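A.B. asks: Structure, please.
(chains A and B)
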Amino acid sequence: MAQSDTRPPKPNQRPQRVDPILLGALLILATLFLMFLGLSRGYSPYSLGEIWSILAGKIHDLSGHILFSPSGAEEARITTIWDVRLPRLLAALFAGAALGLSGAIFQGILLNPLSDPYTLGVSSGAAFGASLVIIFSILLPYESLSFLAYPLATAVGAFLCSLVTLFLVMLLASDAEGRLPAPNLILAGVIVSAILSAAISFMKYLAGDQVSSIILWLLGSFVAKTWTEALIVLGFFLPSLFIALFKAMDLNIMTLGLRSAETLGVNTGRTRLTLLVSASIAASASVSVAGIIGFVGLIVPHVVRLLSGPDHRSLLPLSALGGALLLSAADLSVRVWLPGEIPVGVLTALLAGPAFLVIFRRKMREIARAY
Amino acid sequence: MPTSLPPLKEGPPEGSAPILRVGSLNFSHGPQSVLEDFSLDFFAGRHYVIAGPNGAGKSTILDLLSRLKEPSAGKIEVFGRNVKKYQAGEYARLLALAPQSFAFNFSFTVREIVSLGRRPYLGRWGRLSKEDDLIVDRAISFLNLGRLENKLVTALSGGETQRVVLARTLAQSTPIVLLDEPTASLDVAQAIDLMERVRVLASQGVLVVTVTHDLHLAAIYADHVAFLRGGRLVAAGALAETMTAPILREVFEADARVEEDAFTGGLRLSFKSTRSGNFGKTTPDPDAADEKRNGVPALKEGSPEAEAPNGGPADEKDPGRGQRGGGKLRRE
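C.D. replies: Prediction:
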């Protein structure tokens, strides 16, 4: 029988992968540690014991039983934890999870390693909506429109615009048979983003002296995020996570290509549509609340893939965890250790980039050895 | 692997019904008709090869059979039932398609990819049972991938990738297997290896339908052949009856010679272009236009060079004439 390969046989080595469950446990532990850091560090330090009693007390309060009536000074301590640091921390966690998850989904569906949650124009749409709200609140200072000054108004405007953008991109990208081929999606996203970028620049011009309010929003931050915002992001992230886990195996199969996936029984059209929409909505929620934070959705899935392999059943939840960890670590650094309030996106790049480089080079060496 | 291969089979098996029936299939791509009135019966345990010049509609047939496309007219029946009536999961247990090989871009291992072929039999989360693992084992050893089992698919050569795709298709355990150009990126030994495995597969009762350009392999390993030209079925039947010089000439516009080959146990094909000696001859006057454009003198109609740029058609004295490559090439 013909030897089908004339190269000398090599021992059958398993790829070096970290067990996903182990990695998940490590990430969870790291996140818990980070939460402790996030609550205890800052302008006023807190001990673990104090944090614990405050949290326990508040949760007790929520259930209806008032534990005790705090004095003024104590009230301030409680507020710092419960109303300032905790929501901000949770917002960063949930937004990071949403970005990590949707980045992994996009890369899996579009089969493009450079895809991120913003590939379909979600970020441009949200930026456009936010800029619109900000411009209106600047240029038309009527009493009746004063609600536009609320941060929530910006978030709502951003979210609605990003949904419209998503719809437009999908409309542009659908082919004669109503399918959404990956190249079309990517191209349509680029085109729509470009147009919206121009519109956003125009609005920056319109803002004149107050352009900083638009720019600051675009750069992304978690300053002064409240429970409302944190829960909004959670509310859109959770359904997206469940849908993604439900379709994780099909996502694996779709990496074989549309023809193979269809003949294996996967309804590729419906699966892709569902996943794209749910991933985009989760990313939209994140951007609408916190502005445009790059690199999380792009790099975290790659790092997880390099560590634990490309199986989406582990990749998706681990990307969510990794994203949560990265973004809350970045926000913590910005708040506690860095002067001023540097935009979080700068830090995510600084934290993620080098880590990615190290792991990538190690993997390249491993692949070269295996040849 | 058995040392002697199962013999070529003539005609349908005794007293059995076709498991795949195609009736008057039509398919159009917009206004252009790609496939017209294609009908054929397929029986289990046989290897069918569909061949024809480019654009004849061969891949379209595979797409229609695997329900990737819908015919504009006609019907397809599998095990006596119209294919439209099958659920996606059901149909995936009856028919598997190995597409033309492509590059993998996610670092799954070979075993992981082959295991994806079990999807029609798995639950939502995709956990493999012991039987699934055994079937995957068998598919891997059948394609001689044991040594590569844990290798990342992104690090494979073209031939190895092709075998992985095939193993994945076989892991689907379907009675019908469709192969789209399975030997495209394989070298000679690998291609023969693959075709022999296809022969073994057919002998185990699987219906294999292969679309290929490689007529020489088809002439050895097919049980039945169907020739398409311009979207129409020109001829179909058992290998010996269909792979004949007149039919080949009609389908491919080439002179062919078909001989029985004791060395391979199948048929041996030789081809000659029907356009020999006609290089350089063109329809009226594009040469004149070229001359004006390029300043290069064009071959004049009727000149000795134009009439016979390769020295003239082959004849008794010089059988090689007309075959020589080159000659005066017309400037474009």
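A.B. asks: in the stretch 51-200 of chain A, which spans are helices?
C.D. replies: All helices of the stretch 51-200 of chain A, identified by DSSP state H, counting those that start in this stretch, fall at A:72-79, A:86-110, A:122-139, A:151-173, A:182-207.
A.B. asks: of those, which approaches A:P310 most closely?
C.D. replies: helix A:86-110 (8.3 Å; Cβ to Cβ). C-beta: built from backbone N, CA, C; applies to glycine.
A.B. asks: Tell me what angle the closest one forms with helix A:182-207.
C.D. replies: 140 degrees (axes from the mean of the first three to the mean of the last three Cα atoms, to 10 degrees).
A.B. asks: average pLDDT across helix A:86-110?
C.D. replies: In this model, helix A:86-110 has a mean pLDDT of 93.
A.B. asks: Kindly report the same for stretch B:198-217.
C.D. replies: The model assigns stretch B:198-217 a mean pLDDT of 93.
A.B. asks: Tell me which residues of it come out buried.
C.D. replies: By neighbour count with 16 or more other Cβ atoms under 10 Å in any protein chain shown, stretch B:198-217 contains the buried residues B:198-199, B:201-203, B:206-212, B:214-217.
A.B. asks: B:R268 in helix, strand or coil?
C.D. replies: strand (DSSP: H, G, I helix; E, B strand; the rest coil).
A.B. asks: Would you mind listing the residues in contact with the nearest residue to it once chain neighbours are set aside?
C.D. replies: Closest residue to B:R268 apart from its sequence neighbours, by Cβ to Cβ, 6 or more residues apart in numbering or on different chains: B:D261 at 3.9 Å. For B:D261, the contacting residues are B:I220, B:L267, B:R268, by Cβ atoms under 8 Å, 6 or more residues apart in numbering or on different chains.
A.B. asks: Check the gap between B:D261 and chain A for me.
C.D. replies: 19 Å (Cβ to the nearest Cβ, to the nearest Å).
A.B. asks: For that residue, what are phi and psi?
C.D. replies: With angles defined as degrees, to the nearest 10, B:D261 sits at phi -120, psi 110.
A.B. asks: Poorly predicted segments of the stretch 151-300 of chain A, please.
C.D. replies: Counting by pLDDT under 70, the stretch 151-300 of chain A has low-confidence residues at A:151.
A.B. asks: who in it is up against chain B?
C.D. replies: Within reach of chain B by Cβ under 8 Å from any Cβ of the partner chain, the stretch 151-300 of chain A has these residues: A:246, A:248-249, A:252-253, A:255-257, A:259-260, A:262-267.
A.B. asks: Try it again at 10 Å.
C.D. replies: Counting by Cβ under 10 Å from any Cβ of the partner chain, the stretch 151-300 of chain A comes close to chain B at A:176-177, A:245-250, A:252-267.
A.B. asks: in the stretch 1-150 of chain B, which spans are helices?
C.D. replies: Under DSSP H, counting those that start in this stretch, the stretch 1-150 of chain B gives helices at B:58-65, B:88-92, B:110-116, B:130-142.
A.B. asks: Identify each buried residue in the last one, please.
C.D. replies: Of the residues in helix B:130-142, those scored as buried under the neighbour-count criterion (16+ other Cβ under 10 Å) are B:D132, B:I135, B:V136, B:A139, B:I140, B:F142.
A.B. asks: By proximity to chain B, which residue of the stretch 51-200 of chain A wins?
C.D. replies: A:L111 (6.0 Å; Cβ to the nearest Cβ).
A.B. asks: For that residue, give me its contacts.
C.D. replies: Going by Cβ atoms under 10 Å, 6 or more residues apart in numbering or on different chains, A:L111 touches A:A182, A:P183, A:M254, A:T255, A:G257, B:N105, B:F106.
A.B. asks: how far away is the spatially closest residue to B:F38 that is not a sequence neighbour from chain A?
C.D. replies: Distances taken as Cβ to Cβ, 6+ apart put B:L25 closest to B:F38, at 4.3 Å, once the chain neighbours are dropped. Look at B:L25 and chain A: by Cβ to the nearest Cβ, they are 18 Å apart.
A.B. asks: quick one: B:L25 and B:D63 touch, right?
C.D. replies: No. Because the distance of 11.1 Å does not satisfy Cβ atoms under 10 Å, B:L25 is recorded as not touching B:D63.
A.B. asks: Pull up the overlap in contacts between these two.
C.D. replies: B:L35, B:G57, B:P71.
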